[in-house]
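> just coords:
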């Protein structure tokens, strides 16, 4: 194995390992409130466009890394939409009758 291929393989494993805890926490807690839906959607669009470039390259570690990113960002998008909580309504104010109208 040559040095660039080894470096690509090691970096692929490290990048995937760095994202894995985030994915596990998201699936375990279903709390994705801290994630921006717009950012995750844009990431998925960018991954789709970047796939044209990546999959034109010879097969190698970059294919694995990009495939992991595509799957991870797609999962985050699905979970973000699925588990997104509706905004809480503001407190309901109790309307009091003004003293002048009480008989």
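Yep, that arrived. What you see is a predicted model, and the numbers here were worked out from it, not measured in a lab.
> just so I have it, where are all the helices in this protein?
Using DSSP state H, the helices of the chain run over 3-29, 37-54, 61-83.
> Columns mean neighbour count on top of those helices, output as JSON lines?
For glycine as for every other residue, the C-beta is placed from the backbone atoms N, C-alpha and C. Output for the helices of the chain, formatted as JSON lines (neighbours: other C-beta atoms under 10 Å):
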{"stretch": "helix 3-29", "mean neighbour count": "12"}
{"stretch": "helix 37-54", "mean neighbour count": "13"}
{"stretch": "helix 61-83", "mean neighbour count": "16"}
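> export these to a markdown table and tack on mean pLDDT?
Formatted as a markdown table, the helices of the chain follow (pLDDT from 0 to 100):
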| stretch | mean pLDDT |
| --- | --- |
| helix 3-29 | 88 |
| helix 37-54 | 94 |
| helix 61-83 | 92 |
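> for residue 84, what are its contacts?
Residue 84 makes contact with 32, 37 under the criterion C-beta atoms under 8 Å, 6 or more residues apart in numbering.
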